[in-house]
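> Pasting the sequence and the predicted model now:
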Amino acid sequence: MNDELPKLNYFTHRSINKIRWNQCIASSSNGLVYALSWYLDAVTNESWDALISDDFRWVMPIPLKRKAGITYLPTPPFVQQLGIFGPGPFTPALTDHFCKHIAANVKLTDYQLNYANAPTSLPGFVNKERNNLVLELPENRLELPGIFNENTNRNIRKAEKAAISLSTGSIRSMINLFMQNKGGDVPQWNVKTYNTLERLYNMCMMRNSGVSLGAYNHVGEMIAGVFILQWNGRATFIFSGNSEQGKEYGALPALLNKYMKEAPATVKIFDFEGSDDPGLARFYGGFGAIHANYVHLKQNKLPLALRWLKK
């Protein structure tokens with residue numbers, strides 16, 4: 001093994017020092033909220049292990065699952081990116097080093113690395129680039145309209161003319177909006193999925209890390225809502241719900257504009273969390289966001305008879 005590569009040890013969930021873990025994520029050059037211990041606990045129901053270097057400078061969350069007697073590695077719900085976290089540099093050799101541990105113990109992998117991680121060159125793995133867009137917020141938030149494109153600004157003006165009200169919003173109302181208008185697009189989401197989202201929301205609110213906004217029509221009905229998480233200078237767009245009336249009135253652009261204008265000065269980056277969908281990518285790009293893509297790893301070493309196994 002290359003002497004420059006860290007020595008890795010496998011830790012089960014119960015044996016992980018959560019304080020050191022969170023310190024490592026916070027000090028990493030590529031730290032993301034998804035990798036914090038409480039976030040992982042919320043979205044996996046405390047079912048994740050980890051690869052950790054001897055000096056605790058390099059870590060990789062391993063949210064293993066078991067189905068039909070098979071151990072596999074998925075990306076949990078409401079997590080866009082995991083992978084390797086540490087001081088850098090994130091070389092292909094480093095990715096290969098971590099992935100060797102996965103390849104030796106897991107036959108099915110459907111796992112997303114983070115934006116700083118290089119693809120792996122190990123045989124058996126397929127690397128697919130996934131789209132993400134992020135916006136560097138200006139120090140003077142009055143400059144935002146000049147960053148947005150005309151269509152985004154037009155939608156914000158449309159919301160102002162419609163006289164919709166913007167204030168706080170409940171996650172349950174957002175979930176109901178989503179289920180009514182987009183739930184059919186994600187048939188794999190079930191009651192357990194939405195309960196996971198509520199658990200995550202409550203964890204964020206307990207830590208004063210979550211922002212929940214709603215747009216309301218003239219009779220007080222929520223027509224759109226957004227749930228945004230703030231951590232370490234980065235705002236992450238976790239979830240939204242939108243109705244047909246919300247689309248007509250430009251409610252979602254208005255809510256995002258409200259958040260960006262009022263976000264604390266410590267928030268430097270707005271992470272849109274996607275998207276591979278061309279329409280959503282155009283929508284996010286309309287705010288002036290640029291690509292910060294990441295790698296989706298797939299590996300399937302199951303016997304042919306078991307390749308139906310899904311996460």
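Noted; the coordinates are in hand.
> Would you list the phi and psi of the closest residue to P92 other than its chain neighbours?
Spatial nearest neighbour of P92, excluding adjacent residues (CB to CB, 6 or more residues apart in numbering): A118 at 4.4 Å. All C-beta spots, glycine's among them, are computed from the backbone N, C-alpha and C. Per-residue torsions, A118: phi -80, psi 160 (degrees, to the nearest 10).
> same thing with the one 3 residues further on?
Geometry field for S121 lists phi and psi as phi -110, psi 10, criterion degrees, to the nearest 10.
> residue contacts, it?
The contact partners of S121, by CB atoms under 8 Å, 6 or more residues apart in numbering, come to P92, D96.
> From the chain's centroid, how far away is the helix or strand hosting M203?
M203 belongs to helix 191-206 when assigned by DSSP states H and E. Its chain's average C-alpha position is 14 Å from that of helix 191-206, according to CA atoms, centre = their mean, to the nearest Å.
> What is the subsequent helix or strand relative to the one helix or strand P145 maps to?
Using DSSP H and E, the element containing P145 is helix 144-147. Going down the chain from helix 144-147, the next helix or strand is helix 150-161, by DSSP H and E.
> For stretch 57-71, measure first residue to last.
Using CA to CA, to the nearest Å, the end-to-end distance of stretch 57-71 comes out at 27 Å.
> so what secondary structure elements neighbour the helix holding P145?
helix 251-262 (3 or more CB pairs under 8 Å, 6 or more residues apart in numbering; DSSP states H and E).
> Next, the angle helix 150-161 makes with the helix it packs on.
90 degrees (axes from the mean of the first three to the mean of the last three CA atoms, to 10 degrees).
> Moving C-terminal from helix 251-262, which element do we reach first?
Trace forward from helix 251-262 with DSSP H and E and the next one is strand 269-271.
> what does the helix holding P145 rub up against?
Helix 144-147 has contacts (CB under 8 Å, 6+ apart) with L135, L137, P138, N153, I156, N257, M260, K261, F287, G288.
> list the buried ones in stretch 186-196?
Of the residues in stretch 186-196, W189, Y194, T196 count as buried by neighbour count, 16 or more other CB atoms under 10 Å.
> Looking at it now, give me its mean pLDDT.
Averaged over stretch 186-196, pLDDT sits at 94.
> what's in contact with it?
Taking contacts as CB under 8 Å, 6+ apart, the residues outside stretch 186-196 that touch it are A42, V43, N45, P77, F78, I175, M179, G183.
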